[in-house]
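K.L.:
please work out how this folds:
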Amino acid sequence: MSEFTYDAFISYRRSDGGPTARWLRRELQAFRPPRPLRDRLPSRLRIYLDAPYERGTTDFFENTIRPALLASRFLIVVATPDAVLRPTGQDDWIAREIDEFTRLPNGDNLLLVRGAGAFDGPLPGDLLKRFPHIEIIDLRGVGRFWYLNPLRAARIAGEKLKLMAPIVGVPPQDMPILRREEERIQQTRIGAAAGATLAVFLTISTLTVYALISRARATTALESTLAATGSLVLKLGRSDDSAVLSDDTRKNLVNDACDVFDGLRKQANAEARARPLLICYAERGKDHEALGEADQARQSFQKGIAEATSIHARSHTPDDGRSVVLAWNELSNFFERQNDMKALAASLKEADPIIATLESDYSDQSFFPESRARRLHWLAGLDELQREPLEQLSTLDKAAALADQAARKQIGQKQGRLLAFKGQLLMSAAEIANRAADADAALERLKSAASAMDAAASMNKSDDPEINLNGAAIYVMIAALETSQGNTEAAEVARAEGRRWLAALDPSQVMDLSDQERLQRVRNALDDSQKTPAKTGGQ
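P.N.:
Predicted coordinates for the structure are as follows:
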């Protein structure tokens, strides 16, 4: 198998085969071998499916589709009515893909799936003539929550195993093991999905019945169903309870819900909420990323930005504005995971004026200045940029001002959290100023950072070890700088403040090893600052 990039290539007509093709890819990618077969079967299948937003041009076929086809062990053809019919003058990509694959040494590794239409209806690419005895695997009726219908689930599960067995290489004698594993998976899915999806599924069914009464009621019902499904996407997108949903199950449920959401958007012709739409684009982007399809992943994240921006331009609501920011965060996180620091820096810079406009439009919201502050902090910390100290100082000062601005729009512990963040930013700026031999600028920022930490501590009802540790570190840096300038009295005052912060810190709360090491460095620096002038960068 190592000679192939993909285990299977799915060929389908976008107009009516997309839902079946996407479902099929998710199911195959979710396959994990049963324990008795784990040492003989692949742990994960790699399935190629072209992006639905790519245009079917000759260049696209030659540069993208053909290389993927040649690098696939199996070809899965999804037969639908539109897969056979092709308007005059248009290229028949399915027929071309079949022609290309059947010329290969592994050209007999062709599997046929009936996705829609009559079971014995016409087949694309003259398949019936080429393979008169080919077995047709009936996957009609697959889609959202298919496993909740026991009769349909039993039929589809059996058909799916016919497809999966040759791809993963399961011999006939081991098929009972595979069937038992499939039954266990379906039971798990039903149990996991019952609480999260059954209520919404019943709501959709009920609303669909009412929708048949009249056009006006149908519109209302579809819009209500769209909102309910969007809420389901949000709930599943936020789910992190591994005791309830495994990662694979959660992904499958999110993708199923997103398919419902996409279909309802088209049927209702109604404006969708940006947040669930963003979750769908992000989930699909991460699926591409996991398969090493970086370009398609990036396009999906960028599509999320474009859709969120478009929806916000029409709705002008703070929630859709927040979705625009979150969409940019998804793209920036993708670049960081890809270790593409140049693209990451470009995305951080490009988004800043956009978020600044949202900040101005929704001046009562703390989310937007806080988001800008955190993204600027991110930008300042990119080592590979080799930025000038003055430029880094300017970025961190700007971020600190934004954190302060966000804090003024909050109260209580949330305000304290933002003030603590402001203190961290100023402490980082002071370290840069100190390395640039500007002790006065470093002291100025450290004193502002100390004030921010004092305010944060007073607003945080429970002792926060991170605030206490940062407060001690700030005063250690002040003490060292005052000592280096010969200000003995000021240095002693700073050391006393540092000891006060350390006394408030419960060492048992410092669980992280790096924090424990940092705590020891702060203690050592506090002792050293009483003896000799010291550099304090990196505290």
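
K.L.:
and for the longest strand seen in the chain, what's in contact with it?
P.N.:
Secondary structure of the chain per DSSP state E: the longest strand is strand 72-79. Around strand 72-79, the neighbours that count as contacts under C-beta atoms under 8 Å, 6 or more residues apart in numbering are 1, 4-13, 17, 20-21, 24, 48, 69, 83, 94, 97-98, 101, 106, 109-115, 117, 121, 123-125, 127, 136, 163, 166-167. Using the backbone N, CA and C atoms, a C-beta is placed for each residue, glycine as well.

K.L.:
in ChimeraX, how would I select just the buried ones from these?
P.N.:
Under the burial definition 16 or more other C-beta atoms under 10 Å, those of the contacts of strand 72-79 that qualify are selected in ChimeraX by:
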select :5,6,7,8,9,10,11,12,13,17,20,21,24,48,69,83,94,97,98,101,109,110,111,112,113,114,115,117,123,124,125,127,136,163,167
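
K.L.:
how about the helices in the stretch 401-539 of the chain?
P.N.:
412-435, 439-459, 465-484, 488-504, 513-528 (DSSP state H, counting those that start in this stretch).

K.L.:
what's in contact with the fourth one?
P.N.:
This means helix 488-504. Contacts for helix 488-504 (C-beta under 8 Å, 6+ apart): 450, 457, 463, 468-469, 471-472, 475-476, 478-480, 482-483, 522-523, 526, 529-530.

K.L.:
what's the answer for the second one, then?
P.N.:
Residues external to helix 439-459 that are found in contact with it (C-beta under 8 Å, 6+ apart): 393, 397, 400, 404, 412-413, 415-417, 419-420, 422-427, 429-431, 433-434, 464, 467-468, 470-471, 474-475, 477-478, 481-482, 484-485, 497, 504.

K.L.:
which residues does Phe101 contact?
P.N.:
Phe9, Leu69, Ser72, Leu75, Gly107, Leu110.

K.L.:
tabulate those residues (CSV), appending pLDDT.
P.N.:
Listed next are these as CSV, based on pLDDT from 0 to 100:
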residue, pLDDT
Phe9, 96
Leu69, 93
Ser72, 95
Leu75, 96
Gly107, 90
Leu110, 94
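
K.L.:
what would these look like in TSV with distance to Leu326?
P.N.:
Shown next, in TSV, are those (distance: C-beta to C-beta, whole Å):
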residue	distance to Leu326
Phe9	33
Leu69	36
Ser72	35
Leu75	38
Gly107	46
Leu110	42
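
K.L.:
any low-confidence regions in the stretch 351-500 of the chain?
P.N.:
Applying pLDDT under 70 to the stretch 351-500 of the chain flags residues 383-388, 460-463.

K.L.:
now with 90?
P.N.:
The stretch 351-500 of the chain contains residues with pLDDT under 90 at 363-365, 378-396, 407-420, 423-424, 427-442, 445, 447, 449-450, 452-488, 490-500.

K.L.:
according to the record, where do the domains of the protein fall?
P.N.:
Domain assignment for the chain by automatic domain parsing gives 1-170, 191-270, 271-325, 340-462, 465-539.

K.L.:
pull out the buried residues from the contacts of helix 439-459.
P.N.:
393, 397, 400, 404, 415-417, 419-420, 422-427, 429-431, 433-434, 464, 467-468, 470-471, 474-475, 477-478, 481-482, 484, 497, 504.

K.L.:
ok, and Val113, which helix or strand is that part of?
P.N.:
If you go by DSSP states H and E, Val113 is part of strand 110-114.

K.L.:
contact partners of that strand?
P.N.:
Residues contacting strand 110-114 (C-beta under 8 Å, 6+ apart): 8, 20, 24, 74-79, 98, 101-102, 121, 123, 127, 131, 134-140, 163, 166-167.

K.L.:
tell me the gap between that strand and the middle of its chain.
P.N.:
Here strand 110-114 is found 32 Å from its chain centre; the criterion is C-alpha atoms, centre = their mean, to the nearest Å.

K.L.:
that one vs strand 72-79, what angle?
P.N.:
30 degrees (axes from the mean of the first three to the mean of the last three C-alpha atoms, to 10 degrees).

K.L.:
could you spell out the sheet neighbours of strand 110-114, each with its direction?
P.N.:
strand 72-79 (parallel), strand 136-138 (parallel) (DSSP bridges).

K.L.:
what's the nearest residue to the spatially most central residue of the chain if we skip its chain neighbours?
P.N.:
The residue lying closest to the centre of the chain (C-alpha atoms, centre = their mean) is Ala282, at 4.6 Å. Once flanking residues are discounted, Ala282 sits nearest to Glu330: 4.8 Å by C-beta to C-beta, 6 or more residues apart in numbering.
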